[in-house]
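Asks: Give me coordinates for this.
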Amino acid sequence: MEILQFLQYAFIQRALVAGCFIALLCATLGVLLVLRRLSLIGDGLAHVTFGTAALGLFLKVQPIFVSVPLVVLSSLAILKLTEKARIHGDAAIGMVSALGISVGVLLASLATGFNVDLFSYLFGNILAVTPTEVAISIALAVAVIMVIIGLHRPLLSISFDEEFAKASGINTKAINNIVAVLASVTVVLAMRLVGIMLTSALLILPAVSAIQVARSFKNTMFVAACVALLSVLLGVFLSFTFNLPTGALIVLLNLGLFGILFIVGKQIHRTH
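Replies: Residues are numbered from 1 along each chain as shown. As a prediction, the model looks like this:
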C-alpha cells in the first residue's frame, strides 16, 4: 500500500497524531521511571485504570474524564502509603492495583452492555480513537512534556541520587508527587494506544532500549523518543495493512528494537 493512500483515511490520521504524542510522552517519562527504579508503578496504575475505565463506562461518561483524576489520586495514595504506613513501594503498588482490578471486575459483572467497550480499553484500539480523544491526548501530552522540560534539572538530580538532591535544597517530596501525577496521566493516555494490559511495556521498553546505546541523559531521552515513535508509526501501518492488533504490534516492535539496540550497545562497549 502506498503511503499517500494509507494517510488519506481520517481514522489513520487520528491514530498517528494521538499515537505520536502519547509515544513521546511515554518515552520521556519512562526514562525517569526506569532510572528511579519505579517501572512497576506503570503496571500498578494500569490496573487502577481498568477499574476507573469500567466506572466511566458504567456511568456512561467518557472514561478518560473519570480515569485521569482517580488514577492521579491512586498514585498519590501509593506515595502516602509508603510514607505513613511503613509499606514498601512495591507492596503499596500491589495494594492499590488490586483495588483497581477488583472494582473493574465488580462493575463489569454488575452492568451489561459495555463489556465490549471495556475489552477495547484492556487491549487498546488506537484505530478507533475519536477526535475528542485526540484533542485530549495532545493537550495532556503537551502539558506533561512541558512540565518535564521545566523541571528537568531537579528531575535529573532525583533520578540519580535522591538523598543528594534533598541535601542540595530540592523539594524531593513535591517532585515525587509531580512524577506520580505525570505517571498517572501517561498511563491513562496510553490505555487507548496499547491497552491497559500493555501500558507498562510502552513506558519501560523505549527507555531500556535507549539505555543500551545512549551515554547521557539527553541522549537517552532522544533515543527513547525515536524508538517509541518508530514503533508506533510502524505498528499503526502494519496493523491496518495486515488487520492485526495495533497495541500488541507496537509492543513487539519495541521488543525487536530493544534487541537491535542491545546488540549495537554490546558492539559499542567492545570498541571502547
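Asks: and the strand or helix carrying residue 19, what does it pack onto?
Replies: Assigned by DSSP states H and E, residue 19 belongs to helix 10-35. Helices and strands touching helix 10-35, by 3 or more Cβ pairs under 8 Å, 6 or more residues apart in numbering; DSSP states H and E, are helix 3-7, helix 39-58, helix 131-150, helix 152-160, helix 172-193, helix 199-211, helix 217-242. Quick note: C-beta positions are derived from backbone N, CA and C, even for glycine.
Asks: quick one: which of those helices is nearest residue 26?
Replies: Ranking the helices and strands packed on helix 10-35 by proximity to residue 26 (Cβ to Cβ) places helix 199-211 first, at 4.7 Å.
Asks: what's in contact with that closest one?
Replies: For helix 199-211, the surrounding residues in contact (Cβ atoms under 8 Å, 6 or more residues apart in numbering) are 23, 26-27, 29-31, 33-35, 39-40, 42-43, 45-46, 49, 186-187, 190-191, 193-194, 219-225, 227-228, 231, 250-251, 254-255, 257-258, 261-262.
Asks: how does it look with 6 Å?
Replies: 26-27, 30-31, 34, 39, 42-43, 46, 187, 190-191, 194, 220, 223-224, 227-228, 251, 254, 257-258, 261 (Cβ atoms under 6 Å, 6 or more residues apart in numbering).
Asks: I'd like the distance between residue 213 and residue 229.
Replies: 16 Å (Cβ to Cβ, to the nearest Å).
Asks: quick revisit: could I get the buried residue list for the helix holding residue 19?
Replies: Judged by neighbour count using 16 or more other Cβ atoms under 10 Å, the buried positions of helix 10-35 are 12, 14-35.
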